[in-house]
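here is a sequence with its predicted model. Questions after.
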Amino acid sequence: MKTYRDDAIVLRCHDIGEADRVITMLSRRNGKVRAVAKGVRRTKSRFGARVEPFSMVDVQLYRGRSLDTITQVESRSQYGRTLAGDYDAYTTASAMLELADRLTGEDADPEQFQLLHGALHAAATFAHRPELVLYSYMLRAMALSGWALAVFECARCAAPGPHEAFHVHSGGAVCNDCRPPGATIPTVETWQLIGALAEGDWRIADAAAEPARRSAGALIAAFVQWQLESNVLSLRMVRVGGN
């Protein structure tokens, strides 16, 4: 089928030519899609504002050799309008989009799509502190991609925990027998928060104090970037722990 339709979340876009724009989207059934929105930068464009980053859309596309072409767009949720009004919500959501872009490919991944959609909705509706939504998203997105942070067992020998030491290069918690030089000892509150974020236990996560939020955020960011072997640039703008 040359023409197809799907739900999608706009991850990023860049201009080409005089009036066109390439839109990168994570779709529900077709994985990550790159498509041209022709004439979208003209003031009279039919759907220019609908294909901005953070937007959830119902999009129709025509398959091309290297790039598809957007032929129709219906807006589902314009999360960007709300996120742009709050620094912490905007920067954390930006980090989510960047990580989603890094973790997904052309193969369909409905779980990653649904996870990103839920995280953006939570950030835009201020259901929880923005940085906590980001940290939870990071842990769960990495787990879906095969890089689960070890919280309840040793990352090296799988001995059941709880364990007190954390080692980024090992993949999370490490027991006393496996504990390498350079491992850190997070507080009990930090460990509880990391576990709650990994499992989506918002009763515990929402009650976490600022020191635990800061410590958990730093450890999660270090783990993610070590596994990816590069920095998630948007994390530089996130205020770890929030205000």
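Nice, I can see it. Numbering: from 1, shown residues only.

helices or strands next to the longest helix belonging to the chain in the packing?
The longest helix of the chain (DSSP state H) is helix 210-228. Helices and strands touching helix 210-228, by 3 or more CB pairs under 8 Å, 6 or more residues apart in numbering; DSSP states H and E, are helix 130-144, helix 188-199. For the C-beta atoms, the positions are set from N, CA and C on the backbone; glycine is no exception.

pLDDT of the first one, averaged?
Taken as a whole, helix 130-144 carries a mean pLDDT of 98.

give me the element residue 74 is part of.
strand 68-78 (DSSP states H and E).

distance from that strand to the middle of the chain?
21 Å (CA atoms, centre = their mean, to the nearest Å).

dump the longest helix of the chain to CSV, keeping only the CA atoms.
Extracted C-alpha coordinates of helix 210-228, given in CSV (Å, rounded to 0.1, in the frame of the first residue of the first chain):
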residue,chain,number,x,y,z
GLU,A,210,14.6,16.7,47.2
PRO,A,211,17.9,15.1,48.2
ALA,A,212,16.6,11.7,47.0
ARG,A,213,15.2,13.2,43.8
ARG,A,214,18.6,14.8,43.0
SER,A,215,20.6,11.6,43.8
ALA,A,216,18.2,9.4,41.8
GLY,A,217,18.2,11.7,38.8
ALA,A,218,22.0,11.9,38.7
LEU,A,219,22.3,8.1,38.9
ILE,A,220,19.6,7.4,36.3
ALA,A,221,21.1,9.9,33.9
ALA,A,222,24.6,8.4,34.3
PHE,A,223,23.2,4.9,33.7
VAL,A,224,21.3,5.9,30.6
GLN,A,225,24.2,7.8,29.0
TRP,A,226,26.7,5.0,29.8
GLN,A,227,24.5,2.4,28.1
LEU,A,228,24.0,4.7,25.1
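
what about the residue nearest the centre of the chain, distance to residue 223?
The residue lying closest to the centre of the chain (CA atoms, centre = their mean) is residue 96, at 2.7 Å. As judged by CB to CB, to the nearest Å, residue 96 and residue 223 stand 16 Å apart.

pull the CA atoms of stretch 149-169 into CSV?
Output of stretch 149-169 as CSV, limited to C-alpha atoms (Å, rounded to 0.1, in the frame of the first residue of the first chain):
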residue,chain,number,x,y,z
LEU,A,149,18.7,-1.0,35.4
ALA,A,150,19.2,-3.6,38.2
VAL,A,151,17.3,-2.4,41.3
PHE,A,152,16.2,-5.5,43.1
GLU,A,153,19.0,-7.9,42.2
CYS,A,154,22.7,-7.7,41.6
ALA,A,155,23.5,-6.5,38.1
ARG,A,156,26.5,-8.9,37.9
CYS,A,157,25.4,-12.2,39.5
ALA,A,158,21.6,-11.7,39.9
ALA,A,159,21.7,-12.3,43.6
PRO,A,160,18.4,-11.1,45.1
GLY,A,161,18.6,-7.8,47.0
PRO,A,162,18.2,-5.3,48.4
HIS,A,163,21.8,-4.3,47.8
GLU,A,164,23.3,-1.0,49.1
ALA,A,165,25.9,-0.3,46.4
PHE,A,166,25.3,1.2,42.9
HIS,A,167,27.7,0.9,40.0
VAL,A,168,26.9,2.6,36.7
HIS,A,169,29.2,0.6,34.5
